[in-house]
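Peer 1: my questions concern the predicted model and sequence given below.
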Number of protein chains: 2
Amino acid sequence: MSTSTSALAIEKQMAPENEIQQVELLNGVEDLHGGIILDMEKPMDSEVFASLLRASISQWKQQGRRAVWIKLPIELVNLVEPTVKEGFRYHHAEPDYLMVVNWISSSSNTLPENASHRVGVGAFVMNDKREVLVVQEKNGKFKGSGVWKFPTGVVSEGEDISMAAIREVKEETGIDTEFVEILAFRQSHKSFFKKSDLLFVCMLRAHSFDIQKQDVEIEAAQWMSLDDYAAQPFIQKHDAFSSVAKVCLTKLEKEYAGFSPIPTTTASGKTSYLYFNTRDFNKL
Amino acid sequence: MSTSTSALAIEKQMAPENEIQQVELLNGVEDLHGGIILDMEKPMDSEVFASLLRASISQWKQQGRRAVWIKLPIELVNLVEPTVKEGFRYHHAEPDYLMVVNWISSSSNTLPENASHRVGVGAFVMNDKREVLVVQEKNGKFKGSGVWKFPTGVVSEGEDISMAAIREVKEETGIDTEFVEILAFRQSHKSFFKKSDLLFVCMLRAHSFDIQKQDVEIEAAQWMSLDDYAAQPFIQKHDAFSSVAKVCLTKLEKEYAGFSPIPTTTASGKTSYLYFNTRDFNKL
């Protein structure tokens, strides 16, 4: 089996009578788990595709392949229906493509799960007057409630949590900050369709103090006494919020060690951040 | 606009001359962000659907709606192509459905991002002889390498991190454990297509000691001296692994506080776990 990434290839098979047949097959690359990945790039008639797919799957089964992945760019939406009719299921989708997969082995299905969590940041930013940076949002569940909350946002694809916190504070309030540490995090389920959320409470040190709020999402932004923030009835009423406020107060008043990001190199040579309690790690 | 969830409804509109017209429109529910969500349940001809969709979008635009979401069960795969031709983009997919979305407002696009991270657990399980529970896997990048590693696994949809760690250890090795705390976590990018990973290093206390390995995924499992584990050349060579081993050694030898899960109640009444340094939080 060739592993070139061209969409199509002609392979010759020996028939039992040594007669040479030409069989067109779809061409993919092998993965580390006994699967084949097809990256469809060129337009194709959906009936031609269905016929090639059937012949290819038959051959891959003979070769002992366990799974077939097909990445379908949104421009090739005409190929979605034929793949589903051949037994494929959806795996994941991004705005510009759909990934489908078919477990073709009789062994038990070990397909990896789809991304299951959105990752968010909540930024705890103090100035030198014991005041915390807070905002009111124009949309979402806090709209019109009058509740002052920490700037929050979603970590973008491929973005480090610490960088996301700095970016969100800058975007929403214009304040420049330095990342200090993660004080806490919360895992919530079914927060967005059936997906879960991980929200990291990040402590940041302010390097500028003049607020310039962003107008699209933010109704108002201000520096507010941390005690006044914590005393808001909404915060007091919901312990998911009051507990975070208490952790932040603890950080200011006592020795409290969160997790700090340390760059490490993985086996594949990539840099990734390991977050841990560096204070306890380094003390003798 | 009715908010019933039936797939179709007849609405009557008043024409300028007070003449009554019957206009068929698709029917959805409003979300909190000025959007409409259609949950397609019944089979429909794709051309009829395209025509209804065009008429409905025209009306939603007049009503000032900003976004239209359509959930298409895999059985209704024939409706995917017409939605894309009407300007919809993919948002996310699970094995049995595809969610598409169309931003129909002239204001700037504030559509929420898709889930971006898979969440994994690595389990640091000690027995009372200063030995750590380790495994060799049958598949994946460590296959055949001889490297002994912590049991690891992916957090399932809707599952708490602490529960996932207990479940994975039980599944892979048969060992019963109790969750202690999260010692560290690592964020990696582009680990699975373009998605990121968050791997939580969880410390667990073993309540049983006789290993019964799972045969499908696990080649071998044993108790191993923590020092021997850390001394493996592969672990030494990659600081993403050696740093975790050092954090685990620190936990055994010194005062090291990780993050412990504390149940909290959110504004919507759900229980979610807040993880933080409870030792520093509680000390006077």
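Peer 2: Cool, the structure landed.

Peer 1: can you name the residue of the stretch 101-250 of chain A nearest chain B?
Peer 2: Closest to chain B within the stretch 101-250 of chain A is residue A:184: 3.7 Å, counting by CB to the nearest CB. Just so you know, the C-beta spots here come from the backbone N, C-alpha and C atoms, and that holds for glycine as well.

Peer 1: near chain B, which residues of the stretch 1-150 of chain A show up?
Peer 2: A:32-34, A:74, A:77-78, A:80-81, A:84-85, A:89-99, A:108, A:110, A:112-119, A:139-141, A:143 (CB under 8 Å from any CB of the partner chain).

Peer 1: out of those, name the ones that lie in strands.
Peer 2: A:89-94, A:97-99, A:117-119 (DSSP state E).

Peer 1: if we only consider those residues, which is nearest to residue B:44?
Peer 2: residue A:90 (19.2 Å; CB to CB).

Peer 1: for that closest one, what are its contacts?
Peer 2: By CB atoms under 8 Å, 6 or more residues apart in numbering or on different chains, the residues touching residue A:90 are A:98-100, B:74, B:93-98.

Peer 1: sketch out the helices for chain A, chain order is fine.
Peer 2: Using DSSP state H, the helices of chain A run over residues A:46-62, A:80-85, A:161-173, A:226-231, A:233-237, A:239-253, A:278-282.

Peer 1: what would the ones you listed look like in a markdown table with mean pLDDT?
Peer 2: Below are the helices of chain A laid out as a markdown table (pLDDT from 0 to 100):
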| stretch | mean pLDDT |
| --- | --- |
| helix A:46-62 | 94 |
| helix A:80-85 | 97 |
| helix A:161-173 | 97 |
| helix A:226-231 | 95 |
| helix A:233-237 | 93 |
| helix A:239-253 | 94 |
| helix A:278-282 | 94 |
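
Peer 1: need these in JSON lines (columns: mean neighbour count).
Peer 2: Listed next are the helices of chain A as JSON lines, based on neighbours: other CB atoms under 10 Å in any protein chain shown:
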{"stretch": "helix A:46-62", "mean neighbour count": "16"}
{"stretch": "helix A:80-85", "mean neighbour count": "20"}
{"stretch": "helix A:161-173", "mean neighbour count": "21"}
{"stretch": "helix A:226-231", "mean neighbour count": "15"}
{"stretch": "helix A:233-237", "mean neighbour count": "13"}
{"stretch": "helix A:239-253", "mean neighbour count": "19"}
{"stretch": "helix A:278-282", "mean neighbour count": "17"}
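
Peer 1: how is chain A partitioned into domains?
Peer 2: Domain assignment for chain A by automatic domain parsing gives A:8-103, A:117-276.

Peer 1: for the first one, what is the distance to the chain centroid?
Peer 2: The gap between where domain A:8-103 is centred and where its chain is centred comes out at 27 Å by CA atoms, centre = their mean, to the nearest Å.

Peer 1: quick check on the residues of the stretch 1-150 of chain A next to chain B: which are buried?
Peer 2: Buried subset of these (neighbour count, 16 or more other CB atoms under 10 Å in any protein chain shown): A:74, A:77-78, A:80-81, A:84, A:89-94, A:97-99, A:110, A:113-119.

Peer 1: in chain A, which helix or strand is least confident?
Peer 2: When each helix and strand of chain A is scored by mean pLDDT, DSSP states H and E, strand A:8-14 comes last, with a mean of 37.

Peer 1: pull the contacting residues for residue A:168.
Peer 2: A:121, A:123, A:151-153.

Peer 1: also residue A:276?
Peer 2: A:259-260, A:262, B:183-185, B:243, B:247, B:258.

Peer 1: doesn't residue A:258 make contact with the residue of the stretch 101-250 of chain A closest to chain B?
Peer 2: Yes: here residue A:184 reaches residue A:258: they are 7.3 Å apart, a contact under CB atoms under 8 Å.

Peer 1: what is in contact with these two at once?
Peer 2: B:276-277.

Peer 1: contacting residues around residue A:273?
Peer 2: Residue A:273 touches A:160-162, A:261-264, B:186-187, counting by CB under 8 Å, 6+ apart.

Peer 1: can you pull the contacts of the residue lying closest to it once chain neighbours are set aside?
Peer 2: Distances taken as CB to CB, 6 or more residues apart in numbering or on different chains place residue A:261 nearest to residue A:273, at 4.1 Å, with adjacent residues excluded. Shown in contact with residue A:261 (CB under 8 Å, 6+ apart): A:160-162, A:179, A:182, A:273-275.

Peer 1: and if we set it to 6 Å?
Peer 2: Residues in contact with residue A:261 (CB atoms under 6 Å, 6 or more residues apart in numbering or on different chains) are A:162, A:273, A:275.

Peer 1: for the last one, give its distance to residue A:73.
Peer 2: When CB to CB, to the nearest Å is the yardstick, residue A:275 and residue A:73 sit 36 Å from each other.

Peer 1: can you give me every residue that contacts the closest residue in space to residue A:87 that isn't next to it in sequence?
Peer 2: Closest residue in space to residue A:87, ignoring its immediate chain neighbours: residue A:102 at 5.4 Å, by CB to CB, 6+ apart. By CB under 6 Å, 6+ apart, the contact set of residue A:102 is A:68, A:87-88.

Peer 1: are any of these buried, and which?
Peer 2: A:68, A:88.

Peer 1: which single one of the contacts of residue A:102 is nearest to chain B?
Peer 2: residue A:88 (9.2 Å).

Peer 1: just to revisit the earlier point, who does the residue nearest to residue A:273 bridge with?
Peer 2: Per DSSP bridges, the residues bridged to residue A:261 are residue A:275.

Peer 1: and for residue A:102?
Peer 2: residue A:68.

Peer 1: how much space between it and residue A:66?
Peer 2: Applying CB to CB to residue A:102 and residue A:66 gives a distance of 10 Å.

Peer 1: who's more crowded, residue A:275 and residue A:73?
Peer 2: residue A:275 (25 against 15; other CB atoms under 10 Å in any protein chain shown).

Peer 1: hang on, the earlier thing: dump the contacts of residue A:90 to CSV, plus distance to residue A:173.
Peer 2: Below are the contacts of residue A:90 laid out as CSV (distance: CB to CB, whole Å):
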residue, distance to residue A:173
A:98, 38
A:99, 37
A:100, 42
B:74, 43
B:93, 35
B:94, 36
B:95, 41
B:96, 42
B:97, 38
B:98, 37
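
Peer 1: quick check, nearest of the residues you listed to residue A:203?
Peer 2: Closest approach to residue A:203 among these (CB to CB): residue B:94, at 35.4 Å.

Peer 1: give me the pLDDT for the closest one.
Peer 2: In this prediction, residue B:94 carries a pLDDT score of 91.

Peer 1: now it: how far from chain A?
Peer 2: 6 Å (CB to the nearest CB, to the nearest Å).

Peer 1: is that residue in a bridge, and if so with what?
Peer 2: Residues in beta-bridge contact with residue B:94 (DSSP bridges): residue B:97.

Peer 1: same check on residue A:133?
Peer 2: For residue A:133, the beta-bridge partners are residue A:223 (DSSP bridges).
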